[in-house]
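In: with the input below, show me the fold.
(chains A and B)
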Amino acid sequence: MKKLVRVLGVLVVLGIIALLAFIFVPVQRTGPATQLAADFKPAKGQGEYVMRAGDCLACHTNEGGKPFAGGRAIQSPMGAIWTTNITPDKETGIGNWSLDDFRAALYDGVTPNGTHLYPAMPYENYRKMSEEDIVALYDYFMNEVEPVSNKVEETKLAFPFNLRFGLRAWNWLAANYEPGFKPTQGQDEQFNRGKYLVEGAGHCAACHSPRNLFMAQDGIDDTSKAFLTGGEIDGYTAPDLRGPESGPQKWTTEQTAAYLATARNAHSTATGEMMLVVRDSLQYLTKEDNMAIAAYLKKIGTGGEKAATAPAEPVVTETEKMLTEAKADMPLGPRLYLDNCGGCHLVNGKGAAEIFPELDDNSLVTAKSPKGLISVILHGAELPSTADRPMKVRMQGYDNRLSDEEVAALATFLREGWTNKAPAVSAADVKAIRDLPKH
Amino acid sequence: MRDVPGLPSRRTFLKASAASAAIAGIAAVPAKAEQKPEPVALTEYKPDCLKPSEWAFVMAAVARLIPSDGEGPGAIEARVPVFIDKQLAGDYGRAADWYMQGPHDAAASPLRGWQTPLNPLQIYQKAIPFFDEWCKTTHGKIFAELDAETQDKALTSLQKDEMKIAPELREFFTILLANTKEGYFADPMYGGNHGMEAWKYIGFPGARGSYKEWVLKHNKPYPLGPVSISGERA
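Out: Below you'll find the model as predicted:
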């Protein structure tokens, strides 16, 4: 008995030591993925380009605030995460950070004093970035960004998420791979350039991949089956990019590249978060890079690589027939479509290229979560102005014109109309989204 | 007004399991009722700008210009007086976006258009007492109290300007008739054309703008009833 107590005592002491070590022993920081020549200098503009590819600006700038000065609240179920000041200001920004400090934030998610960053910062993905790009980005922030003195609010999440050291264990699961980029052997340069942008700086998978049990991204590259097969963000569905029915697989490579560069193509338009990604990030990439991303996505399609199918003979669906006949006793859903939508999206649900997205066979319309569709019906949508397509095409919102029941009937019709097959939407679904606080 | 429509909040995977997200219930938009409640009866209506005597005149006059007997709804069923009251109380009544600086020569040729220094509301306010006075002298009662037949006669006299109304007021009959037609056919959001009855009567399908597939269907009646700007269906 005494012996047992002694053994237990030793175990408890060991446990406490381990816990203290877990909390207080500094994290081993990852070094450079490759050693650069001592005289390496990033090309002019490279740093800013990497910043655009990584979309740092979007999160690290507050509404109406100075670029990169942080202070934007990212709402999470555990509380608001405040983005940090990443201008080279010495007191409130990262002006005192060394290259190694900077790399550790991007690779390991730790700040110079060892504090763990919340994974709202996608270091899981940035860990793929090359040393050249890290150096270029560091150089950009230190020498080209205006220092701004802006002390941002400290993030205070609810227990237990306020214990940041716990992220150390999470990192063993999520960001525990060799840093830097590993090209796929046997694939061409374009493929690997696309892969680098998608898996690394672009952090596409942060939204477009499912999350595993630990809320880590399910797979960090295309060798994982779940990678880029669709995820959820704030209740919105981020669509699958690899299945045979997904946009990048059905569209031509040129069409996907056009979508990335201009938020619109012959079939669809970008809404919600993706609209912001195009506005702040993708439109600044070169044509070659957006083509590389599109080509890469096509090649990692899970239905096998196939050429874009030639447009089939247009089939007149039952939905189109019903809308064309416009009988006075038609059900509420299609009647609302004719009253509100048909003028632009047309009775065949095909809209018009680069202006009115197709509603037939549209991933937003048929998404698992109807939140995006309902949100667009209620509040409308707007395309960003890009260099190639400057017009901010805008759809009005219908929140004043349609009741919850009417939006539900309309959304249900859209999800079942033409060739779409998705579950119905209830008035309660609509009410929940109508009642969300305005952003 | 939302800043950017349809915009979800900032991305973060931490929100991936938003199931537990507490929703701060601020500024909930009340759901629009499926069926609009019947508006207050015209006899109970509190005008925005018309005084009781003016309101009584407008009620009586529009009822003769588009009468309720015979085919289709009358101006009263279409709530035209409400439309006129609201328009006179708004920018139109104040001539807010018209050039209203002098010089004014109210007696100039009518071919020169609006020459009076008065705005439409002022014209109603000055012309109605004048016309009522004329009705009293000529027919024994103010306009609203005359029988329908005499009212028609009086309106005809007004149209022909038999009472020699002041030049500043000479547009009165013209705008009264125009405002009545506008109130009858305008979108219901302006107070008239109640229940889109006027549109239903003439077969106008309203603010739908979705007829591409009907362009070549000649001599075929369009089957759907109208829709209003605010989404009412009929």
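
In: now the element after the longest helix out of those in chain A, going C-ward?
Out: Longest helix of chain A, by residue count under DSSP state H: helix A:2-24. Towards the C-terminus, the helix or strand next in line after helix A:2-24, according to DSSP states H and E, is helix A:46-54.

In: pLDDT at residue 188, what is it?
Out: You didn't pick a chain, so chain A it is. pLDDT for A:Asp188: 96.

In: right idea, wrong chain: chain B
Out: 97.

In: got the contact list for it?
Out: Residues near B:Pro188 by CB atoms under 8 Å, 6 or more residues apart in numbering or on different chains: B:194-196, B:228, B:230, B:232. Just so you know, the C-beta spots here come from the backbone N, C-alpha and C atoms, and that holds for glycine as well.

In: if we go to 10 Å?
Out: Residues near B:Pro188 by CB atoms under 10 Å, 6 or more residues apart in numbering or on different chains: B:36, B:39, B:78-79, B:83, B:194-199, B:206, B:226, B:228-230, B:232, B:234.

In: the residues you listed: which ones sit near chain A?
Out: The overlap between these and the neighbours of chain A (CB under 10 Å from any CB of the partner chain) comes to B:206, B:226, B:228-230, B:232.

In: which one (most neighbours) among those?
Out: Among the ones next to chain A among the contacts of B:Pro188, B:Pro226 has the most neighbours (other CB atoms under 10 Å in any protein chain shown), with 24 neighbours.

In: roughly how far apart are the nearest residue to it once chain neighbours are set aside and B:Ala178?
Out: Nearest residue to B:Pro226, sequence neighbours excluded (CB to CB, 6 or more residues apart in numbering or on different chains): B:Gly206, at 3.2 Å. To B:Ala178, B:Gly206 is 21 Å away according to CB to CB, to the nearest Å.

In: got the contact list for residue 190?
Out: Picking chain A for this. The contact partners of A:Gln190, by CB under 10 Å, 6+ apart, come to A:253, A:288-289, A:291-296, A:299.

In: can you look at chain B instead?
Out: Contact analysis of B:Tyr190 by CB under 10 Å, 6+ apart lists B:82-83, B:86-87, B:90, B:182-183, B:229.

In: then A:Glu132?
Out: So A:Glu132 contacts A:32-34, A:36, A:40, A:42-43, A:46, A:50 (CB under 10 Å, 6+ apart).

In: alpha carbons of the longest helix along chain B, in CSV - could you do that?
Out: The longest helix of chain B (DSSP H) is helix B:120-139. Taking Å, rounded to 0.1, in the frame of the first residue of the first chain, the C-alpha atoms of helix B:120-139 are listed here in CSV:
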residue,chain,number,x,y,z
PRO,B,120,-48.1,72.7,-56.4
LEU,B,121,-49.1,72.5,-52.7
GLN,B,122,-49.6,76.3,-52.6
ILE,B,123,-51.8,76.0,-55.7
TYR,B,124,-54.1,73.5,-54.1
GLN,B,125,-54.2,75.5,-50.9
LYS,B,126,-55.2,78.8,-52.7
ALA,B,127,-57.3,77.3,-55.5
ILE,B,128,-59.6,75.1,-53.4
PRO,B,129,-61.1,77.9,-51.3
PHE,B,130,-61.4,80.1,-54.4
PHE,B,131,-63.2,77.3,-56.2
ASP,B,132,-65.4,76.4,-53.2
GLU,B,133,-66.4,80.0,-53.0
TRP,B,134,-67.3,80.0,-56.7
CYS,B,135,-69.4,76.8,-56.2
LYS,B,136,-71.2,78.4,-53.3
THR,B,137,-72.0,81.5,-55.3
THR,B,138,-72.9,79.6,-58.5
HIS,B,139,-74.4,76.4,-57.2
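
In: beyond it, next helix or strand please.
Out: Defined by DSSP H and E, the subsequent element after helix B:120-139 is helix B:148-160.

In: list the buried residues in the helix or strand following that next one.
Out: Following helix B:148-160 in sequence order, the next helix or strand is helix B:172-185 (DSSP H and E). Residues of helix B:172-185 classed as buried: B:172-173, B:175-177, B:179-185 (neighbour count, 16 or more other CB atoms under 10 Å in any protein chain shown).

In: go on, stretch B:112-131?
Out: Here stretch B:112-131 shows B:114-116, B:118-128, B:131 as buried, counting by 16+ other CB under 10 Å.

In: shaky segments in the stretch 301-439 of chain A?
Out: Counting by pLDDT under 70, the stretch 301-439 of chain A contains low-confidence ranges at A:304-312, A:438-439.

In: could you pull out the strands for it?
Out: A:381-382, A:394-395 (DSSP state E, counting those that start in this stretch).

In: tell me what the last one is packed against?
Out: Yep, that's strand A:394-395 we're talking about. helix A:371-379, strand A:381-382 (3 or more CB pairs under 10 Å, 6 or more residues apart in numbering or on different chains; DSSP states H and E).

In: same list (the ones you listed) but as TSV, adding distance to B:Met59.
Out: Shown next, in TSV, are these (distance: least, CB to CB, whole Å):
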stretch	distance to B:Met59
helix A:371-379	40
strand A:381-382	46
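
In: and among those, the most buried is which?
Out: Of all the helices and strands packed on strand A:394-395, helix A:371-379 has the most neighbours on average by mean count of other CB atoms under 10 Å in any protein chain shown, namely a mean of 25.

In: closest one of the buried residues of helix B:172-185 to chain A?
Out: Using CB to the nearest CB, B:Phe185 comes nearest to chain A of the buried residues of helix B:172-185, at 19.2 Å.

In: state the distance from the residue nearest to that closest one when sequence neighbours are not counted to A:Val10.
Out: Excluding its sequence neighbours, the residue lying closest to B:Phe185 (CB to CB, 6+ apart) is B:Ala198, at 5.4 Å. Using CB to CB, B:Ala198 is found at 92 Å from A:Val10.

In: more neighbours, those two?
Out: B:Ala198 (26 against 10).

In: and that one, that's in a helix?
Out: Yes - B:Ala198: assigned to a helix according to DSSP: H, G, I helix; E, B strand; the rest coil.

In: doesn't B:Pro73 make contact with it?
Out: Yes - contact criterion CB atoms under 10 Å: B:Ala198 and B:Pro73 qualify, at 6.2 Å.

In: list residues touching both of these two?
Out: Residues touching both B:Ala198 and B:Pro73 by CB under 10 Å, 6+ apart: B:66, B:80, B:184.

In: need the residues you listed in TSV with distance to chain A and pLDDT, can you?
Out: Compiled in TSV, these are given as follows (distance: CB to the nearest CB, whole Å; pLDDT from 0 to 100):
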residue	distance to chain A	pLDDT
B:Ile66	27	97
B:Val80	24	98
B:Tyr184	22	98
